[in-house]
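[1] My questions concern the predicted model and sequence given below.
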Amino acid sequence: MRLSWLVLSLAAVGVLQAQKVDFQREIRPVLSDNCFQCHGPDQGTRMAGLRLDLKDGLLASGVIVSGKPAESKLYQRIAETDEARRMPPRYSHKSLTPTQISRVKLWIEQGAPWVEHWAYSAPVKAPLPVVKNTLWARNPIDRFVLAKLEPLGLEPAL
């Protein structure tokens, strides 16, 4: 039973490593849940002057060396085998799973792309869909409705 669990775990890690890491879904939550309490926006509780919630903080002083996890202090500390040096520290009662650590490593290998939270991105107008019944479409929303109706052979009620 243990052997099959080990084989499945290793296979899952292999599959995960082949995929592109999604910063918003995989990395930001790990940093937020495990690091921001001591290395986040609150200057009063920030330790070592290190801020990991901002791109500039992560790229400062070798915290992350893009493409090189072995040279990145962040990866070195989360993968540390010495409990006294590993982050997050034992007293925080938090820890990263082996999968989380491998995803952070892969993210750094992939260049550590930083994606701003969607709330900080300016809205972009979606292109209007092309529709056949242009006379019915009186505003942009009508075009989106028609774009769904027309392929189904339906027409809007008049």
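    Right, received. Where do you want to start?
[2] so how far is residue 86 from residue 95?
    Counting by C-beta to C-beta, to the nearest Å, the gap from residue 95 to residue 86 is 8 Å. To be clear about C-beta, it is placed using only N, CA and C from the backbone, and glycine gets the same treatment.
[3] do residue 107 as well
    Using C-beta to C-beta, residue 107 is found at 19 Å from residue 86.
[4] any idea which helix or strand comes after the least confident helix or strand in the chain by mean pLDDT?
    Lowest by mean pLDDT, DSSP states H and E among the helices and strands of the chain is helix 2-18, with a mean of 55. As assigned by DSSP states H and E, the chain's next helix or strand after helix 2-18 is helix 28-34.
[5] Which strands or helices does that next one pack on?
    Applying 3 or more C-beta pairs under 8 Å, 6 or more residues apart in numbering; DSSP states H and E, one finds that helix 28-34 contacts helix 98-109.
[6] For the nearest residue to residue 46 once chain neighbours are set aside, give me its contacts.
    What sits nearest to residue 46 in space, not counting adjacent residues and going by C-beta to C-beta, 6 or more residues apart in numbering, is residue 39, at 6.3 Å. Shown in contact with residue 39 (C-beta atoms under 8 Å, 6 or more residues apart in numbering): 46, 47, 48, 50, 51, 52, 53, 57.
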